[in-house]
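**Q** heads up, no residue letters with this:
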């Protein structure tokens, strides 16, 4: 973690480097420590200090182990949730008319269509 923090600070400056380190630290909420550490090593080995790269490498480490993601064995990212599946049939259709943009045509010096 210290190596990543130092490298991120050097590459991005104190503020952005600290943000990148915090984002990496927050990965521990959902991923095992070993996977996050492996991901940091992988990212640093290619010269990257991006928290997104660390997150991707951590997920790859989880897949290589063949274990569910998460410190408690749960898999928070294992299934894509489709919101349409969860919509209630009781939601009414929006029957309002579309808004007019004629005022904007006037501002542009054009006639309304």
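**A** Everything's here; your move. This one's a predicted model, so the numbers in the text were calculated from it and none came from an experiment.
**Q** report the buried residues of stretch 23-34.
**A** For stretch 23-34, burial by neighbour count (16 or more other CB atoms under 10 Å) applies to 24, 27, 30, 31, 32. All C-beta spots, glycine's among them, are computed from the backbone N, C-alpha and C.
**Q** out of those residues, which is nearest to residue 4?
**A** Taking CB to CB as the measure, residue 4 sits nearest to residue 24 out of those, at 6.2 Å.
**Q** quick one: which helix or strand includes that closest one?
**A** Using DSSP states H and E, residue 24 maps to helix 14-26.
**Q** lowest-confidence one in the buried residues of stretch 23-34?
**A** Across these, the smallest pLDDT goes to residue 30, namely 87.
**Q** roughly how far apart are it and residue 36?
**A** Distance from residue 30 to residue 36, counting by CB to CB, to the nearest Å: 10 Å.
**Q** quick one: name whatever helix or strand follows the worst-scoring helix or strand of the chain on mean pLDDT.
**A** Lowest on mean pLDDT, DSSP states H and E among the helices and strands of the chain sits helix 83-86, with a mean of 58. Following helix 83-86 in sequence order, the next helix or strand is helix 102-107 (DSSP H and E).
**Q** identify each buried residue in that following helix, please.
**A** Residues of helix 102-107 classed as buried by neighbour count (16+ other CB under 10 Å): none.
**Q** try stretch 8-16
**A** Under 16+ other CB under 10 Å, the buried positions of stretch 8-16 are 8, 9, 12.
**Q** show me those residues that map onto helices.
**A** 8, 9, 12 (DSSP state H).
**Q** so the last one sits against residue 50, correct?
**A** Right, residue 12. No: counting by CB atoms under 8 Å, residue 12 stays clear of residue 50, with 9.3 Å between them.
**Q** pull up the overlap in contacts between these two.
**A** residue 20 (CB atoms under 8 Å, 6 or more residues apart in numbering).
**Q** for the lengthiest helix in the chain, packing partners?
**A** For the chain, the longest helix by residue count, based on DSSP H, is helix 51-65. Applying 3 or more CB pairs under 8 Å, 6 or more residues apart in numbering; DSSP states H and E, one finds that helix 51-65 contacts helix 14-26, helix 33-45.
**Q** thank you kindly, that will do.
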